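**Q** Turn this into a structure:
(2 chains)
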Number of protein chains: 2
Amino acid sequence: MSIIKPRLPKGMRDILPTKMALRQHVMATVERVFAEFGFEPLVTPAVELAEVLFGKYGEDAEKLFFMVEHPGGKEKLALRYDLSVPLSRLIAQYPDLPKPFRRYQIAPVWRAERPQRGRYREFYQCDADIVGSSSMLADGEIIALIYAILRRLGFEQFVILINDRKILTGMGHYSGVPDEHLPQLYRSIDKLDRIGPEGVRRELCNAGLDARAVDRLFALLRPASGAGQPTLDELREELADYPIAVEGVSELEELLSYLPALGVARDSYRVDLAMVRGLDYYTGPIFETIVEKPRIGSITGGGRFDGLVSRFSKRGYPATGTTIGIERIIDVMEDLDMCPSDVGETLVEVLVTVFSPALLNESLKLCTELRNSGLHCELYYGRKPLGGQIRYALKKAIPLLVILGPDELEAGQVMARDLRREIQVQVARSELVSLLREWLEGDRAE
Amino acid sequence: MSIIKPRLPKGMRDILPTKMALRQHVMATVERVFAEFGFEPLVTPAVELAEVLFGKYGEDAEKLFFMVEHPGGKEKLALRYDLSVPLSRLIAQYPDLPKPFRRYQIAPVWRAERPQRGRYREFYQCDADIVGSSSMLADGEIIALIYAILRRLGFEQFVILINDRKILTGMGHYSGVPDEHLPQLYRSIDKLDRIGPEGVRRELCNAGLDARAVDRLFALLRPASGAGQPTLDELREELADYPIAVEGVSELEELLSYLPALGVARDSYRVDLAMVRGLDYYTGPIFETIVEKPRIGSITGGGRFDGLVSRFSKRGYPATGTTIGIERIIDVMEDLDMCPSDVGETLVEVLVTVFSPALLNESLKLCTELRNSGLHCELYYGRKPLGGQIRYALKKAIPLLVILGPDELEAGQVMARDLRREIQVQVARSELVSLLREWLEGDRAE
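**A** Numbering: from 1, shown residues only, chains lettered A, B, ... in the order given. I've put the predicted structure just below:
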């Protein structure tokens, strides 16, 4: 039998256990906050019918689809590209689901993009959406959810930017941009940070927009140096002749009025008329979180998308939600050393050593006791003497170890060692679990 | 834009939130026990190179592979068929991983089998394996792990059947079965329960085995009515001339000697010489759990597979492990109503009602308070009066609800209602969280 070279498809990765402790900490934290906000988990299959996915994301995205087939199968299949289109398919498919339907899903999606550092062809998305309510309370809760998740993960200096597609459309009308140019308008404004006002201006003029229209737009979006963007009150007055803009202003006013009672700190959000979000399907409030210090860019994005379900059903449903950029967040937390101190390289808490073959069964009993009390224990299997076992624990970064030699056994005691603090204590067997827990909780407190 | 009919590929499924509470309970319980036993999580990609998967499972299985490609991609790709071959690929690919390497993985696999009730083309596997130790302690810990998981999930009447491929090989030699017929021998014995001794006998004779050899084998495997299978001591004596059988007997003796200290109850395992496990790659002890009452068949399967990694590396590694049949376990627990009483149709614990639009912000504040204390709260968004809000909670099976009307607000109180016990209590705001928790924990205790 020939040996097959062990390797991965291009752009794919394994996530080894040493990376999993932080990853699980982030996922568990996010899931806990989702649960507190009344969101429930959902699983959809990785493989969808191609017809469900095609025609939703644009041609460029479709080139990145992974197609799936099995010999003899007649269906045209593909791996999902995101979690929003499968959600919309599901909402249309099960019309009896109670509304509002609040679900979260944390699951891989597949895109055959050119692999880059930190960007993979299989990566996890983490979405929370509320379907079936057009109330601004739903949008408010999405913002409160984002806030709660980021605070719980330890982020401090972030801003949730808020805007409304209806205001953007109204601003377009006000400036004289025809409806068919609105998507181009959104895409160009989206690049403001990257290509600057002059770049956006040039792009819009090249796209055939009237230079005066562009000027009029910029007067709103980026008024003369020094002045900030107009307030919602100013906007309502300036755009009074554009009902859609007025509607957007009212939506944001209502939405903003809920945030204090939902516990969102005032300095962690602001209206930004130049924030547009790339995707075409948004219809109302949109949200994006940027971390300003350190400057790491956008880590959540979302908004109201009242039209997506109607691609699968005559009956549409209003919907709003957000993606939490969980892969980016994990990378950032790792780079910035934001892991809680008890999240190390291993989830194993205690190595149970084996003093001698004659005492093996005693170590097994001890190990079983500790496991039954909920401690994460590895039993040493090798043949090395105690010194080698201690080196093994150090190499694997296991924080604690216990030794049960003949003297300890006779005295009803156990030797416990904290390898990080270099403490060793002989302790009564009945007190061992509390001592080990105290040491582990000390890490959390430090 | 035409409407696309919302539907799923053949044999695929969505798992709706009402099914997720039990599912998450099972997964979390299993993961907790894995952690206690020092197993760590691992993620491998869903998509593997076809060459990694082909040639490992046999031709019949290969017909069930889902093939993957993306336009312009040059690699031949497929969705994984199980978690063992990707693990073996990974072990060979990262030779520096510390050994023994104990990992668990709970993840979907894909097989284009004919869909049946309860059988899907995407389903979750749950594997725990220890790679890099040939010690019988590793096999003993796998059995202790299976025992702990099933007990923790609430299973009581189950038996872990234990056998050893070396004993089976020795029994084959003893009976005069040539080596090349051993795989056929295993496959036929595996059917003993289904096709009976006569069926197995017929199959073996048809496969070209000598009738006397078959008789000799059956005398060991299924002695004359009344007598049980030989003990390990009897087997050692009877098969003394077959070194591989003697080695297998010694392995099982050592393995069994560890189980009491590992906390495995004596009545929950037994040696069964007729248990063989279907897969070809086992090389030593093998394990399979059957639930005898109710008779639901096999729910775990595994064993030692010392050869699999060497398909990817000149350097082989001993390995042992088990699959926990998590989909089957979830189905069984649902059918037998084995869910803990606090695992209901929803993970939402409290509905925060809205007394009137004027009091909306007060309800938001209350909701935020309860969420910050860790309770799972849904805020009511609709426009129905209180009666309709209560019906909404009942329909969604949310157990508790809170009401904050003008009288309660003035008195610093909240009205709390337990919808399952039909109790309503007016309680000081400061005591609300403890009351709600008490009610929820009451469920757990009942």
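**Q** In the stretch 151-300 of chain A, mark out all the helices, start to finish.
**A** A:165-175, A:182-189, A:192-206, A:211-221, A:232-238, A:243-258 (DSSP state H, counting those that start in this stretch).
**Q** how about those helices, which one is nearest B:Lys99?
**A** helix A:192-206 (47.8 Å; Cβ to Cβ). Using the backbone N, CA and C atoms, a C-beta is placed for each residue, glycine as well.
**Q** Who are the packing partners of that closest one?
**A** For helix A:192-206, the helices and strands in contact under the criterion 3 or more Cβ pairs under 8 Å, 6 or more residues apart in numbering or on different chains; DSSP states H and E are helix A:182-189, helix A:211-221.
**Q** Run through chain A and note the low-pLDDT ranges.
**A** A:1, A:223-227, A:443-446 (pLDDT under 70).
**Q** Show me what counts as buried in stretch A:290-304.
**A** Of all the residues in stretch A:290-304, those buried under the rule 16 or more other Cβ atoms under 10 Å in any protein chain shown are A:Ile290, A:Val291, A:Ile296, A:Ile299, A:Thr300, A:Gly301, A:Gly302, A:Gly303, A:Arg304.
**Q** just curious, which of those residues is nearest to A:Leu42?
**A** Checking the buried residues of stretch A:290-304 against A:Leu42 by Cβ to Cβ gives A:Gly302 as the nearest, at 16.6 Å.
**Q** quick one: what helix or strand has the closest residue to that closest one other than its chain neighbours in it?
**A** Closest residue to A:Gly302 in three dimensions, ignoring its sequence neighbours and counting by Cβ to Cβ, 6 or more residues apart in numbering or on different chains: A:Thr322, at 3.0 Å. Element membership of A:Thr322, judged by DSSP states H and E, is strand A:319-324.
**Q** what's the following helix or strand after that strand?
**A** Along the chain past strand A:319-324, the next helix or strand (assigned with DSSP H and E) turns out to be helix A:326-335.
**Q** just checking, what packs against that next one?
**A** Counting contacts by 3+ Cβ pairs under 8 Å, 6+ apart, the secondary-structure elements packed against helix A:326-335 are helix A:17-36, strand A:122-131, strand A:297-304.
**Q** With distance to B:Asp215 as added columns, please give these in JSON lines.
**A** What follows is the helices and strands packed on helix A:326-335, written out as JSON lines (distance: least, Cβ to Cβ, whole Å):
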{"stretch": "helix A:17-36", "distance to B:Asp215": "51"}
{"stretch": "strand A:122-131", "distance to B:Asp215": "54"}
{"stretch": "strand A:297-304", "distance to B:Asp215": "71"}
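**Q** wait, which of those is closest to B:Thr231?
**A** With Cβ to Cβ, the closest approach to B:Thr231 among the helices and strands packed on helix A:326-335 belongs to helix A:17-36: 40.7 Å.
**Q** Are stretch A:117-135 and chain B in contact anywhere?
**A** Yes. Contact of stretch A:117-135 with chain B (Cβ under 8 Å from any Cβ of the partner chain) involves A:Arg121, A:Glu122, A:Ser133, A:Ser135.
**Q** correct me, but A:Arg103 touches A:Thr44?
**A** No. Using Cβ atoms under 8 Å, A:Arg103 is not in contact with A:Thr44, being 9.8 Å away.
**Q** Now the common contact residues for these two.
**A** Residues within reach of A:Arg103 and of A:Thr44 at once, by Cβ atoms under 8 Å, 6 or more residues apart in numbering or on different chains, are A:Leu87.
**Q** Can you name the residue of the stretch 201-350 of chain A nearest to chain B?
**A** Per Cβ to the nearest Cβ, the residue of the stretch 201-350 of chain A with the smallest distance to chain B is A:Ala261, at 3.6 Å.
**Q** what about that residue, how many neighbours?
**A** In terms of burial, A:Ala261 registers 18 neighbours under the definition other Cβ atoms under 10 Å in any protein chain shown.
**Q** show me what contacts the closest residue to it other than its chain neighbours?
**A** Of all residues not flanking A:Ala261 in the chain, B:Leu364 sits nearest, at 3.6 Å (Cβ to Cβ, 6+ apart). By Cβ under 8 Å, 6+ apart, the residues touching B:Leu364 are A:Tyr258, A:Ala261, A:Leu262, B:Leu379.
**Q** Excluding chain neighbours, give the residue nearest to the third one in space.
**A** Put plainly, it is A:Leu262. If the residues on either side of it in the chain are set aside, A:Leu262 comes closest to A:Ala144, at 3.8 Å by Cβ to Cβ, 6+ apart.
**Q** quick revisit: what is the three-state secondary structure of the residue nearest to A:Ala261?
**A** For B:Leu364, the assignment made with DSSP: H, G, I helix; E, B strand; the rest coil gives helix.
**Q** go on, the one 5 residues further on?
**A** B:Glu369 carries the three-state label helix when classified by three-state DSSP.
**Q** What is the burial count for it?
**A** Neighbour tally, B:Glu369, other Cβ under 10 Å: 17.
**Q** just the one 3 residues further on next, same as before
**A** Counted with other Cβ under 10 Å, the neighbours of B:Asn372 add up to 13.
**Q** which residues does the nearest residue to it once chain neighbours are set aside contact?
**A** The shortest distance from B:Asn372 to any residue other than its chain neighbours is 7.1 Å, reached at A:Gly263 (Cβ to Cβ, 6+ apart). The contact partners of A:Gly263, by Cβ under 8 Å, 6+ apart, come to A:Ala144, A:Tyr147, A:Ala148, B:Lys365, B:Thr368, B:Asn372.
**Q** Okay, and the beta partners of A:Val47?
**A** A:Leu79 (DSSP bridges).
**Q** Repeat that for A:Thr300.
**A** A:Thr300 has the following beta-bridge partners by DSSP bridges: A:Thr289, A:Ile324.
**Q** And for the residue nearest to A:Leu262, the neighbour number?
**A** Applying other Cβ under 10 Å, we find 24 other residues in the vicinity of A:Ala144.
**Q** how about the host helix or strand of it: buried residues?
**A** According to DSSP H and E, A:Ala144 maps onto helix A:136-153. Buried residues in helix A:136-153, counted by 16+ other Cβ under 10 Å: A:136-151, A:153.
**Q** same check, this time on stretch A:213-220
**A** Residues of stretch A:213-220 classed as buried by neighbour count (16+ other Cβ under 10 Å): A:Ala213, A:Val214, A:Arg216, A:Leu217, A:Phe218, A:Leu220.
**Q** How about the last one: what's its closest non-neighbour residue?
**A** Distances taken as Cβ to Cβ, 6+ apart place A:Met171 nearest to A:Leu220, at 5.7 Å, with adjacent residues excluded.
**Q** mind listing what the one you found touches?
**A** A:Leu217, A:Leu220, A:Leu221, A:Leu239, A:Ala245, A:Leu273.
**Q** how close does it get to A:Arg151?
**A** Remark: distance between A:Met171 and A:Arg151 (Cβ to Cβ, to the nearest Å) = 32 Å.
**Q** care to break chain A down by domain?
**A** Residue ranges of the domains in chain A are recorded as A:17-335, A:350-445, according to automatic domain parsing.
**Q** wait, which of those is closest to B:Gly388?
**A** The stretch from the domains of chain A with the least distance to B:Gly388 (Cβ to Cβ) is domain A:17-335; that distance is 13.2 Å.
**Q** How far away from the center of its chain is that closest one?
**A** Mean C-alpha position of domain A:17-335 versus that of the full chain (Cα atoms, centre = their mean, to the nearest Å) differs by 13 Å.
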